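Asker: Quick one: sequence and predicted model below, then my questions.
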Amino acid sequence: MTNTIKALLLATSLSTASVAMAANPQVGGADMFETRNIVENAVNSADHTTLVAAVQAAELVETLQSAGPFTVFAPVNDAFAALPAGTVDTLLKPENKALLQKVLTAHVVAGNMSTAQIAVRARASADGFYHFNAVSGDALSAQVRGRNLYIYDESGNAARVTISDVVQSNGVIHVVNTVLVPK
């Protein structure tokens, strides 16, 4: 594909992303407000109570309330429930705070990335994947399959983005259906 065509695709995708980001979707039955930060919005989502409890236990609230910007792949409660029995309870124990921080920061990327931007990068790559790193240092990859965007962890687990481009005052949230597990 020529550079001109790639540039046109990127420009089209970015302008589409701007339009798509104009009105935030509801998440977990709650309105998400662009004027609120990641934590302020997440605490109102009925689908993210486990994530919020984990962020609190990991002492990451202050970080996720800071200026950022951050891109967060936010697993729903069902994603945490799908982990092996006892995993969440074990991670929430004070003695496992460092491991919990590692798991949670494997879902956070520095910067503000829309799904359109991620998809353009994935489609433009030779292998069909956009490779990037979470703030934990773990490698993540994104792939477009049909009309869906998937985020892969280092073990090959795929999380499908179910709600995209939820704009926050300090970044963007993409709701995912699977917990990304760092190695």
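Answerer: Here it is on my side, so go on. Model, not experiment: these values are computed from the prediction.

Asker: the helices in this protein, which residues?
Answerer: Along the chain, counting by DSSP state H, helices occupy 3-20, 38-42, 49-57, 61-65, 77-81, 87-91, 97-105, 115-124.

Asker: list the buried ones in the third one?
Answerer: Residues of helix 49-57 classed as buried by neighbour count (16 or more other CB atoms under 10 Å): Thr50, Leu51, Val52, Ala54, Val55, Ala57. Bear in mind the C-beta positions are built from the backbone N, C-alpha and C, glycine included.

Asker: His131: which of the residues you listed is nearest?
Answerer: Top of the list for closeness to His131, among these and by CB to CB, is Leu51 at 24.6 Å.

Asker: From Val61, how far out is the closest one?
Answerer: Shown here: Leu51 relative to Val61, a distance of 12 Å by CB to CB, to the nearest Å.

Asker: Asn170 too?
Answerer: Counting by CB to CB, the gap between Asn170 and Val61 amounts to 13 Å.

Asker: give me every residue that touches the closest residue in space to Leu83 that isn't next to it in sequence.
Answerer: Excluding the flanking residues, the one nearest Leu83 by CB to CB, 6 or more residues apart in numbering is Val179, at 6.0 Å. Contact analysis of Val179 by CB atoms under 8 Å, 6 or more residues apart in numbering lists Pro75, Ala79, Phe80, Ala82, Leu83, Val103, His107, Asn157, Ala159.

Asker: Selection in ChimeraX covering whichever of those are buried, please.
Answerer: Buried residues within the contacts of Val179, as defined by 16+ other CB under 10 Å, are selected in ChimeraX through the command that follows:
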select :75,79,80,83,103,107,159
